[in-house]
Every structure is written in structure tokens, then in C-alpha cells.
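Peer 1: Need coordinates for the following:
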Amino acid sequence: MDIIIKALVVGICASILTLLIKKTNPEISTVLALCACAFIGGITVKVFSSVYEVLKLVEAGTGISSAYTTPIIKCTGIGIAAKLGAEVCKDSGQAALAASIEICGACCALYVALPLIKTLLRMIGELT
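Peer 2: Coordinates of the predicted model:
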């Protein structure tokens, strides 16, 4: 609970500061926003590490292979990174660059999920 409050405070303060600075120095406002994103991302990693530990316990307890869970985690991370990068580009006025990042993120997520898709197709093939 305290982590989300920290993220909210940092995010709101950084937003207010970037609005104030943007008029006189837009480059520094973008750097400030990136620093706030990095800080929030850093504290989010602490939360995710707990989720990752539980996922590993589930894998060990149920016998589910990490070949099934790892692509899901990677796709989630790629989606988050692509969304964050695209939003920073949009804030900087680079909509085409933001769209390129989103497309790249989708392709990377699909690439990471290919082993899972192949396994699913093999399973379907065995049923018929």
C-alpha cells in the first residue's frame, strides 16, 4: 500500500513540476518525467519480485514448466515498457515515434510468445 502512495506522490509532484518547467525549458521537463518514471519503475520492481517468487513457488508446487509462465511474464514486461516509452514520446510531441514503439512492442511480445504458441498448436494437433 505504501508503494502506491509513493508512486502517486512522485508522479503528481513530477507532473506539476514538468508543467511549470515545460514553458521555459521543455527538454528538462522531459528529463524530469523520465527520472520520475525510472523511480516509479524501480519501486514497482520490488512489488513484482514478490509476485515472481510466488509464481516460482506455484511452478515448483504444481509442476508447471517455466516454459509456460516465462513468456507471459516477458510479454507483460514488454507491454509495460512499450506503453511507457510510447507515452513519453507522445508527451514530447513525437506521435509517429510513439506508434513505432508500440508496434515494436507488439512484435517483440509476439516473438517472445512464439514458443508458447508452438506448444499450444502441438497440443491441438495431438487432440485431432
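
Peer 1: ok, which stretches of the protein are helices?
Peer 2: Assigned by DSSP state H, the helices in the chain fall at 2-22, 26-62, 66-91, 95-127.

Peer 1: Please work out which of these is packed deepest.
Peer 2: Highest mean neighbour count among those (mean count of other CB atoms under 10 Å): helix 66-91, with a mean of 16. No exception for glycine: its C-beta is placed from N, CA and C like everyone else's.

Peer 1: Now do the domain split for the chain, please.
Peer 2: Using automatic domain parsing, the domain parsing of the chain gives 1-49, 65-128.

Peer 1: Relative to Lys56, which of those is closest?
Peer 2: domain 65-128 (8.1 Å; CB to CB).

Peer 1: Tell me, what's the model's pLDDT at the residue nearest the centre of the chain?
Peer 2: What sits nearest the mean C-alpha location of the chain, by CA atoms, centre = their mean, is Ile80, with 1.9 Å. What the model reports as pLDDT for Ile80 is 91.

Peer 1: Return the residues in contact with Leu84.
Peer 2: Counting by CB atoms under 8 Å, 6 or more residues apart in numbering, Leu84 makes contact with Cys37, Gly41.

Peer 1: do Ile21 as well
Peer 2: Contact analysis of Ile21 by CB under 8 Å, 6+ apart lists Ile28, Ser29, Leu32.

Peer 1: Flag the least confident of these.
Peer 2: For the contacts of Ile21, the weakest pLDDT value sits at Ser29, with 87.

Peer 1: What distance do you get for the residue nearest to the centre of the chain to Gly41?
Peer 2: To Gly41, Ile80 is 9 Å away according to CB to CB, to the nearest Å.

Peer 1: if I look at the spatially closest residue to Tyr52 that is not a sequence neighbour, how far off is Cys37?
Peer 2: What sits nearest to Tyr52 in space, not counting adjacent residues and going by CB to CB, 6 or more residues apart in numbering, is Ile73, at 7.2 Å. Look at Ile73 and Cys37: by CB to CB, they are 20 Å apart.

Peer 1: Same question for Lys83.
Peer 2: To Cys37, Lys83 is 11 Å away according to CB to CB.

Peer 1: Repeat that for Leu127.
Peer 2: Leu127 is 45 Å from Cys37, by CB to CB.
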